[in-house]
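In: Generate coordinates for the sequence data below:
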Amino acid sequence: MPIARAQDSQPVGLPASHADTTSAEPSLTQLRDLGDVIASLLGRSHVQTEAEVKLKAGLSIVALPSVGYNPAYGVYAGIGASAGGWLGDPAVNKVSVFALNATYSASQQINVQFKSDAWFSLNRWNLKGDWRYLDTSQPTYGLGPIEVQPGSYPMEFRMWRLYQTVYRQVSGHWYIGAGYHLNIHEQIVDSRANQGEITPFTIYSGIGVTRTVASGLSANVLVDSRDNPIYARRGVYWNASIRSFTRAAGGDQDWQELESDLRVYPILPARSRNVLALWSRSWITFGHGPYLDLPAVGWDTYGRSGRGYVQGRLRSPSQIYNEAEYRVPLRRDELLGGVLFLNAMAGTLPSGNFGGFDPGVGLGLRVKFVKRTRTNLTIDYGWGNAGSNGLYLGTQEAF
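Out: Modelled structure (predicted):
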């Protein structure tokens with residue numbers, strides 16, 4: 001498990017020119033991670049070298065086998081590789097993050113995903129990517145809040161996704177960008193429809209649909225003043241995108257999608273290490289987009305919305321989602337931490353009106369994995385409406 005290490009008096013992940021001298025902000029010398037624990041158990045002490053006196057450009061790369069559980073797929077096993085660090089001088093460049101995961105589940109589902117958030121050329125350029133291949137089976141529950149859902153409808157499909165957006169700095173933390181977005185769902189099997197039932201999928205899509213394609217371009221605005229995208233202690237993140245999917249670009253039909261993703265990270269109480277992370281996400285469609293491309297819980301970029309619900313449990317033509325998470329170190333060296341979270345989402349009914357909110361609540365444990373980039377192992381358990389619940393494991397915060 002190769003983990004790059006460094007020592008510095010500046011806050012972890014924050015360019016020196018923007019460092020806050022608040023006494024509560026820890027330095028690397030005050031922190032411990034799993035690498036330190038393993039070294040201690042082996043009776044080894046880490047010897048600092050001159051190269052480790054301050055943060056250096058480069059990525060901390062970790063490749064590990066993964067075994068876990070997700071409510072959407074059940075027990076799974078696979079391999080994951082992640083990288084975090086600076087593609088340039090850490091004094092002026094933002095932290096870049098890359099993650100590649102491939103898993104196979106006990107329910108015979110294949111999941112391969114690559115996510116990227118890369119900063120180049122003194123933060124003048126940012127590239128965000130979301131590439132996926134899924135061979136999966138999971139139920140759908142109709143459109144709207146839980147109170148109007150008709151029940152569980154098993155479905156199978158293969159999905160190919162290619163989302164890539166390029167941003168250019170226009171002023172300070174403000175960026176504009178353009179992107180391409182492709183979703184292909186194929187070999188769609190609606191099990192209950194094949195048995196002659198009328199299902200939410202056939203009501204929305206028609207009978208006999210086994211493949212859908214959405215392809216289009218986007219215009220984007222990005223504001224990102226976070227000190228660290230992996231574990232932010234301050235700053236604001238806002239990403240707004242208008243996407244136009246068209247037949248001309250290779251899609252099945254013309255429709256549009258508007259997304260707004262806002263996150264803020266106030267310290268509470270002041271001069272502590274505790275963070276109240278707030279997330280507000282709006283996902284609205286215009287026209288008649290493919291059923292499996294409609295806004296759905298757990299289908300955001302990192303699949304972290306709606307803890308307490310299985311992926312796809314809540315799906316609507318438009319959806320509003322809000323979450324608050326309180327993050328608290330449980331040790332002075334931040335080897336362990338804890339979180340409490342509360343979320344709520346509301347989706348539109350087929351009539352176009354918003355239904356009631358479906359809440360979720362839960363708690364989690366954090367274990368410092370790579371202190372250099374503030375990467376944690378995350379273990380969360382959440383509860384939602386109608387007996388919904390689930391265990392969630394990861395190596396990055398929900399937001």
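In: which residues of this protein score low on pLDDT?
Out: Along the chain, the model assigns pLDDT under 70 to residues 1-26, 45-58, 68-73.
In: Now do the helices in it.
Out: Along the chain, counting by DSSP state H, helices occupy 34-41, 191-194, 200-205.
In: So what sits opposite the residue lying closest to residue 187 once chain neighbours are set aside in the bridge?
Out: Among residues not flanking residue 187 along the chain, residue 158 sits closest, at 5.0 Å (Cβ to Cβ, 6 or more residues apart in numbering). Using the backbone N, CA and C atoms, a C-beta is placed for each residue, glycine as well. On the basis of DSSP bridges, residue 158 is bridged to residue 135, residue 186.
In: quick one: contacts for residue 158?
Out: Residue 158 makes contact with 133, 134, 135, 136, 185, 186, 187, according to Cβ atoms under 8 Å, 6 or more residues apart in numbering.
In: run the last query once more with 7 Å
Out: 134, 135, 186, 187 (Cβ atoms under 7 Å, 6 or more residues apart in numbering).
In: Narrow those residues to those that are buried.
Out: residue 134 (16 or more other Cβ atoms under 10 Å).
In: these two touch, right, residue 31 and residue 332?
Out: No: judged on Cβ atoms under 7 Å, residue 31 makes no contact with residue 332 at a distance of 9.3 Å.
In: When those two are compared, which one has more neighbours?
Out: Neighbour count, other Cβ atoms under 10 Å: between residue 31 and residue 332, residue 31 has more, with 19 against 11.
In: Which residue, other than its chain neighbours, is closest to that one?
Out: residue 371 (4.3 Å).
In: Surely that neighbour is in contact with residue 30?
Out: No: the criterion here is Cβ under 7 Å, and residue 371 misses it with residue 30 at 9.3 Å.
In: So for the two, which sits in the more crowded spot?
Out: Just comparing residue 371 and residue 30: by other Cβ under 10 Å the higher neighbour count belongs to residue 371, 26 against 13.
In: OK, contacts around that one?
Out: The contact partners of residue 371, taken as Cβ under 7 Å, 6+ apart, are 12, 28, 31, 32, 33.
In: separation between the fourth one and residue 41?
Out: When Cβ to Cβ, to the nearest Å is applied, the distance between residue 32 and residue 41 equals 12 Å.
In: Same check on the last one?
Out: With distances defined as Cβ to Cβ, the gap from residue 33 to residue 41 amounts to 13 Å.
In: Confirm for me that residue 117 is in contact with residue 96.
Out: Yes: taking contacts as Cβ under 7 Å, residue 117 lies within contact range of residue 96: 6.4 Å.
In: ok so, going back, between the contacts of residue 371, which sits nearest residue 215?
Out: Using Cβ to Cβ, residue 12 is the member of the contacts of residue 371 that sits closest to residue 215, with 40.2 Å.
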